[in-house]
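Q: can you look at this prediction? I've put the sequence above it.
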Amino acid sequence: MRARLMCVAGAAALLAAGANAAPIRVTGGLIAGKALPDGSAVYLGLPYAAPPLGALRWEPPRPVVAWRGVRQAITPPVPCAQLSEGWNAADAARSGEDCLYLSLHVPKHEAGARLPVLVWIHGGSNRSGSGYGVVDSPIYRQGIVVVGIEYRLGIFGFLSLPELTARSPHHSSGNYALLDQIAALHWVQRNIAGFGGDPRNVTIMGQSAGGVDVGQLLVSPLARGLFAKAIQDSGSPGLPRTLADGEAIGSQLFALNHLAPGPRGLAALRDLSMRTLLADSVRLRSPDNQFDGLWIAATADGWVIPRKFDGFYGSGMGRARAGLLIGNNTQEFIVDDPSAALGLMKTAFGPNADRALPLYGFHGTRPPGADPVLGTAATQVISDLAFRCVSDDEARWARAGGQKVWHYQFGVPQPGSQQVSHTAELGYVFGTRPARAAFGSWPPVQLYWANFVKTGDPNGPALPPWPAAGKDAAYMTFTPQGPGSGKDLRGPICRLMTRSLVEKHHQPTAPPLSGPDVCEIRVNPLDALLCKSADAK
């Protein structure tokens, strides 16, 4: 987050020093940004859809409203409506519903150039954050057009209601944020050539909730053909909600506002202020009584997301035929309470929790000490459950669907910190590498990511080789000692976790979890522990 805020401040300074760029015609009219001293140009706040206000609240994005004259694209766009959670206080203070805009940083290029394009989908639990700050990342200096998009968040972007479903010609509601992202990608396809970008070489990238959204775009039939490659940092979608479950969550709004369900109730909800709805959003609960992940799960509406979409337990991820770079950090959400591990294991493994104990180093129910790389047992379980194993599953299913996959695990503390955690890699992906920095102190992920955006392969000159993920489940690991490669990341744990989730959600028709049964593979000592535990039972 600090790196993102630094980008915002840097963008403001560069814009102040720049001159006006020549006008460019885009959907809606002429726009002019700022030409910067290095020959690049920045364009902020370009509309890719009509403002979703009034009757357009909780509707799919509508076409851009045209303007006359030259629109000055030099002011950061309004972030989409959100509450402050501390880290996003500046965004929350400026936020509003009129927010369907995107921003670009275009490197210096010759006429007729066809540069690779990176479209950034920001994180923030799908309820907070903004995307425009990424346009000042030095990654554009790798010869990449960088695009940051804003999309409706939280209650404005993901709300399902029976009344909305009934009005929809697709019998769908919710997923408005995904439709926003798809509309932004259509804008890129129609307009990016005017900025020197190649519409045939577009990579979508998201981190955290943005990575979840990228995974959902990979399975959405509405997004096919809009991008060539995808990057998911610490974010993969899991099982979606049914439309009925989404509608049940949204319908709590009527009772909260003392309204009767139906068309009149819907009209009254549309008349409520933005602030009222934001306050209501923290009072909504999912069936498991959780709020934190309320807007993360996709809604299988049969239009944006297929009704039979079954996450990583089907071949949906392969249908997009897009190259995929995916991974996670060694520690994502830090849990220091040793007593939390057993409860998390029951959530993750259900009746198989006892079989998982030795895999996490337990002796009986006594928790082990913290691992110097992976952290406490509780941190390991939450990182496996929410990030590591779902990334492993997605990588495996993408390979099965015919995609080329590059898998990684990142284990270097973010600049200025001693601890690896969620977002640790972003400062290196989007930051400025110090001169003569070693690959251990400053991992070359910006170069790897940029190479992937350009060619679909992260490898390049003077970089340690990154093996593609194949049947051996190869992956790249980034450590304070430098990059290296490994195989079968947390394989025994992740196979047991996946099996447990399959059993929990009653998917007997799912293909084998990893080819042969885990006890036939035994690719490392942890597999032997798993099988020994199973044999004992």
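A: Perfect, I can see it now. Numbering: from 1, shown residues only.
Q: now for the residue most central in space within the chain: which residues touch it?
A: Nearest to the mean C-alpha position of the chain, counting by CA atoms, centre = their mean, stands Gly211 at 1.5 Å. Counting by CB atoms under 8 Å, 6 or more residues apart in numbering, Gly211 makes contact with Ile121, Gly123, Gln232, Asp233, Ser234, Gly235, Ser236. No exception for glycine: its C-beta is placed from N, CA and C like everyone else's.
Q: now do the helices in the stretch 301-450 of the chain.
A: For the stretch 301-450 of the chain, applying DSSP state H, counting those that start in this stretch gives helices covering 340-349, 353-356, 377-383, 389-400, 426-430, 445-455.
Q: how about the ones you listed, which one is nearest Ile334?
A: For the helices of the stretch 301-450 of the chain, the distance to Ile334 is smallest for helix 377-383, at 5.5 Å, taking CB to CB.
Q: what mean pLDDT would you report for whatever helix or strand Leu253 lives in?
A: For Leu253, the element it lies in under DSSP states H and E is helix 252-256. Regarding helix 252-256, the rounded mean pLDDT is 96.
Q: any idea how far the residue nearest to the centre of the chain lies from Asn88?
A: Distance, Gly211 to Asn88, using CB to CB, to the nearest Å: 18 Å.
Q: ditto for Leu178
A: Using CB to CB, Leu178 is found at 21 Å from Asn88.
Q: likewise for Ala435?
A: When distance is defined by CB to CB, Ala435 is 32 Å away from Asn88.
Q: kindly report the same for Ala19.
A: Using CB to CB, Ala19 is found at 32 Å from Asn88.
Q: would Val117 count as being in a helix?
A: No: with DSSP: H, G, I helix; E, B strand; the rest coil as the criterion, Val117 is strand rather than part of a helix.
Q: about what we covered before: Ala19 and Asn88: which is more packed in?
A: Remark: of Ala19 and Asn88, Asn88 carries more neighbours, 21 against 9, as counted by other CB atoms under 10 Å.
Q: isn't the more buried one up against Arg127?
A: No: using CB atoms under 8 Å, Asn88 is not in contact with Arg127, being 9.4 Å away.
Q: any residues in contact with both of those two?
A: Listed as contacting both Asn88 and Arg127 by CB under 8 Å, 6+ apart are Gln82.
Q: could I get the helices of the stretch 301-450 of the chain as a markdown table with mean neighbour count and mean pLDDT?
A: Below are the helices of the stretch 301-450 of the chain laid out as a markdown table (neighbours: other CB atoms under 10 Å; pLDDT from 0 to 100):
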| stretch | mean neighbour count | mean pLDDT |
| --- | --- | --- |
| helix 340-349 | 19 | 89 |
| helix 353-356 | 20 | 92 |
| helix 377-383 | 25 | 93 |
| helix 389-400 | 24 | 87 |
| helix 426-430 | 23 | 95 |
| helix 445-455 | 23 | 97 |
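Q: out of those helices, the one nearest Pro480 is which?
A: Pro480 lies closest to helix 426-430 among the helices of the stretch 301-450 of the chain, at 12.2 Å (CB to CB).
Q: counting contacts, what elements does that closest one pack onto?
A: Contacts defined by 3 or more CB pairs under 8 Å, 6 or more residues apart in numbering; DSSP states H and E place helix 426-430 against helix 2-17, helix 445-455.
Q: and stretch 356-365, how far apart are its ends?
A: Across its full length, stretch 356-365 reaches 11 Å end to end, with CA to CA, to the nearest Å as the criterion.
Q: how about it: buried residues?
A: The neighbour-count check on stretch 356-365 (16 or more other CB atoms under 10 Å) flags Ala356, Leu357, Pro358, Leu359, Tyr360, Phe362 as buried.
Q: residues in contact with the closest residue to Ala113 other than its chain neighbours?
A: Leaving aside its sequence neighbours, Ala113 sits nearest to Gly196 (CB to CB, 6 or more residues apart in numbering; 4.2 Å). Contacts for Gly196 (CB under 8 Å, 6+ apart) come out as Val106, Pro107, His109, Ala113, Arg114, Leu115, Val145.
Q: how many neighbours does the fifth one have?
A: Applying other CB under 10 Å, we find 15 residues neighbouring Arg114.
Q: enumerate every residue touching it.
A: Residues counted as contacts of Arg114 (CB under 8 Å, 6+ apart) are Ala193, Gly196, Gly197, Asp198, Arg200, Asn201.
Q: for stretch 470-489, what is the average pLDDT?
A: Rounded mean pLDDT across stretch 470-489 is 94.
Q: give me the buried positions along that stretch.
A: Ala473, Ala474, Tyr475, Met476, Thr477, Phe478, Thr479, Pro483, Asp488, Leu489.
Q: how about stretch 189-202?
A: Those would be Gln189, Asn191, Ile192, Ala193, Phe195, Gly196, Gly197, Pro199, Asn201, Val202, for stretch 189-202 by 16+ other CB under 10 Å.
Q: same deal with stretch 461-471?
A: Burial within stretch 461-471, assessed by neighbour count using 16+ other CB under 10 Å, is assigned to Trp466, Ala468, Ala469.
Q: I'd assumed Phe478 was in contact with the first one.
A: Think Trp466. No: Trp466 is beyond contact range of Phe478, at 10.2 Å (criterion: CB under 8 Å).
Q: which residues do the two both contact?
A: Shared contacts of Trp466 and Phe478 (CB under 8 Å, 6+ apart): Tyr408.
Q: mind checking the SS state of the nearest residue to Gly154 once chain neighbours are set aside?
A: Closest residue to Gly154 apart from its sequence neighbours, by CB to CB, 6+ apart: Arg127 at 3.7 Å. When classified by three-state DSSP, Arg127 comes out as coil.
Q: begin at 356 from now on, thanks
A: Yes, from this point I'll number from 356; that puts the last item at Arg482.
Q: tally up the residues packed near Arg482, please.
A: Neighbours of Arg482 using other CB under 10 Å come to 28.
Q: pLDDT wise, what is it at?
A: Here the pLDDT value assigned to Arg482 is 95.
Q: OK, contacts around it?
A: Taking CB under 8 Å, 6+ apart, one finds Gln437, Leu438, Leu508, Gly509, Ser636, Leu649, Trp650 in contact with Arg482.
Q: if I look at it, how far off is Val690?
A: Distance of Arg482 to Val690, computed by CB to CB: 22 Å.
Q: cool, Gln801 as well?
A: 30 Å.
Q: again, but for Gln836
A: Going from Gln836 to Val690 by CB to CB gives 26 Å.
Q: again with Gly795
A: The gap separating Gly795 from Val690 is 27 Å, by CB to CB.
Q: between the two, which one's more packed in?
A: Per other CB under 10 Å, whichever of Gly795 and Val690 has more neighbours is Val690, with 19 against 13.
Q: apart from its chain neighbours, what residue comes closest to the more buried one?
A: Ala733 (3.7 Å).
Q: let me see the contact set for that neighbour.
A: Val690, Asp691, Asp692, Pro693, Ala695, Ala696, Leu699, Pro722.
Q: tell me the SS of His526?
A: Under three-state DSSP, the three-state class of His526 is coil.
Q: secondary structure element holding the nearest residue to it once chain neighbours are set aside?
A: Computed as CB to CB, 6+ apart, the closest residue to His526 that is not its neighbour in sequence is Thr520, at 5.8 Å. Using DSSP H and E, Thr520 sits in helix 517-522.
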